[in-house]
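> generate coordinates for the sequence data below:
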Amino acid sequence: MAKRKTGLEEFYILKNNKKLHYGYTTGTCAAAASKAAAEMLLSGHKVQEVELMTPKGIPLCLEIEEISIEREKVSCAVRKDGGDDPDATHGILIFSTVKKIPEKKIAIDGGSGVGRVTKKGLEQRVGNAAINRVPREMIAHELKEICEAMDYEGGISVEISVPEGEKIAKKTFNPKLGIEGGISILGTSGIVIPMSEEALIASIRVEMEMKKANGAQYLLITPGNYGADFCRSQLELNLDHAMKCSNYVGETIDMAVSSGIKGILFVAHLGKFIKVAGGIMNTHSRCADSRAEILASNAIRAGASLETAKRLLDTVTTDEAISILNETGQTEAVMKKVTEKIRFYLQNRANGMIETEAVIFSNEHGFLGKTEGADRLLNRIKADEKNENRV
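Prediction:
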């Protein structure tokens, strides 16, 4: 049986010479299922597929599954398709159950598998279902059109549910963001663009704004899991309060400045943050590398010989480079120069508007160095943790 066409077949991006196809969001699924359920409720006829326009301006035609028609309510589902984006929600069913209500309104809530907001600073208020603004607007728009087409003047209640939602939510940021019991219904454009940097940066912004709303003034930020492990074992910090910025060092600083955060302490592997010592604010290898060159130049500034610098330039990893500096007894002097440069470029990006410090480590060699004000900022972050625990 041929796969039903959705309208996204010709939409893709090229990445590493491969076509990565678009998908559609959980918000689009919720809106499409709600539209179909409302049409079946008001017309009495089964709906096998539904058309809708996404906020991005791409029309879709989506298949309706798991239809259940009762006298007072109708339930059905749309299967999430994230395209070629790595997404924990790909392939799951998003259900909508609709009922008539006497009040002339469209009431939208979440059921089983849709998370509830438990912390301030997120798009929805504490206690609300984690169904974001744009999906709510999409649902309301589709239902208003159906009601008008069917000359129905009453109201409709909508409950969005995701049977696999609670299990899947454990693989997402939701528990960390204070969204409990399930996934979020998301999407600002209705469309999933594979490997979207905008989506990753937006997720960092959401977490930062939530922390700010819950009293955080200073942030502990790690590029990835290595930093998180180091924080736990060496700095004795509660990782529930740490954020990840991936490769987006510059964007994270920009967001912190605009959000009114007072300071950031980065805890990072030398392999990532040696790039920052060269003013590189996106640490992904496709943007820039220059790890050996930056480390060698700082070694020369610290008094290393030309021969040592040449050896550093021939290294493949920063762990290998640190082994060479350990041999020559120059690790501490070189890391002092490196951390001075890291501090300079972090402050340059922040334009002096917030405190920015860093602690640098290596998996193989452990702690390597820290910027001038790192200890002061670390103490402030620990005080922030105590305040947040009291909220």
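> do you know the pLDDT at Arg390?
Arg390 is assigned 45 on the pLDDT scale.
> that should have said Lys382, apologies.
Looking at Lys382, the pLDDT reads 78.
> which strand or helix spans it?
For Lys382, the host element (DSSP states H and E) is helix 374-390.
> which ones are touching Thr222?
Ala228, Phe230, Cys231, Ala242, Met243, Lys244, Cys245, Phe266, Val267, Ala268 (Cβ atoms under 8 Å, 6 or more residues apart in numbering). Glycine gets a C-beta too; all of them are placed from N, C-alpha and C.
> swap the cut-off to 7 Å and go again
When contacts are counted by Cβ atoms under 7 Å, 6 or more residues apart in numbering, Thr222 touches Ala228, Cys231, Ala242, Lys244, Val267, Ala268.
> quick check: it vs His21, distance?
32 Å (Cβ to Cβ, to the nearest Å).
> same check on Ile156?
For Ile156, the distance to His21 - Cβ to Cβ - is 33 Å.
> give me the more crowded residue out of those two.
Ranked by neighbour count (other Cβ atoms under 10 Å), Ile156 and His21 place Ile156 first, with 26 against 18.
> correct me, but the more buried one touches Lys35?
No - using Cβ atoms under 7 Å, Ile156 is not in contact with Lys35, being 10.8 Å away.
> next, show the common contact partners of these two.
Leu143.
> in the stretch 1-150 of the chain, which spans are strands?
12-15, 18-21, 23-24, 49-53, 59-63, 65-69, 73-79, 93-101, 106-110, 113-114, 116-117 (DSSP state E, counting those that start in this stretch).
> partners of Ile131 in the sheet?
Ile185 (DSSP bridges).
> the chain should start at 49 in everything you say after this.
Okay, residue one is now 49; in that scheme the one you just asked about reads as Ile179.
> count the neighbours of it for me.
Neighbours around Ile179, by other Cβ under 10 Å: 25.
> how far out from the middle of the chain is stretch 229-243?
11 Å (Cα atoms, centre = their mean, to the nearest Å).
> identify each buried residue in that stretch, please.
229-242 (16 or more other Cβ atoms under 10 Å).
> nearest to Asp432 among the residues you listed?
The shortest gap between Asp432 and any of these belongs to Ser232, at 25.5 Å (Cβ to Cβ).
> need the contact list for the closest one.
For Ser232, counting by Cβ under 7 Å, 6+ apart, the contacting residues are Gly163, Ala178, Asn180, Asn222.
> and the gap between Ala125 and Val98?
Using Cβ to Cβ, we find Ala125 at a distance of 12 Å from Val98.
> higher neighbour count, the two?
Neighbours were counted for Ala125 and for Val98 using other Cβ under 10 Å; Ala125 has more, 26 against 22.
> if I look at the more buried one, how far off is His138?
15 Å.
> got it, and Ile328?
33 Å.
> same drill for those two, tell me which one is more crowded.
Ile328 (22 against 16).
> quick check: that one touching Arg339?
No - taking contacts as Cβ under 7 Å, Ile328 lies outside contact range of Arg339: 9.6 Å.
> low pLDDT regions in this protein?
49-51, 64, 243-244, 274-277, 284-288, 433-439 (pLDDT under 70).
> which parts of it are helices?
74-91, 181-197, 213-217, 222-225, 245-261, 273-278, 297-307, 318-321, 339-349, 354-361, 366-376, 379-398, 422-438 (DSSP state H).
> for the second one, buried residues please.
The neighbour-count check on helix 181-197 (16+ other Cβ under 10 Å) flags Val182, Pro183, Arg184, Met186, Ile187, Ala188, His189, Glu190, Leu191, Ile194, Cys195 as buried.
> and which of those is nearest Ala250?
Once Cβ to Cβ is applied, the member of these that ends up nearest Ala250 is Val182, at 12.2 Å.
> find the nearest non-adjacent residue to Ser307, please.
Leaving aside its sequence neighbours, Ser307 sits nearest to Lys260 (Cβ to Cβ, 6 or more residues apart in numbering; 5.3 Å).
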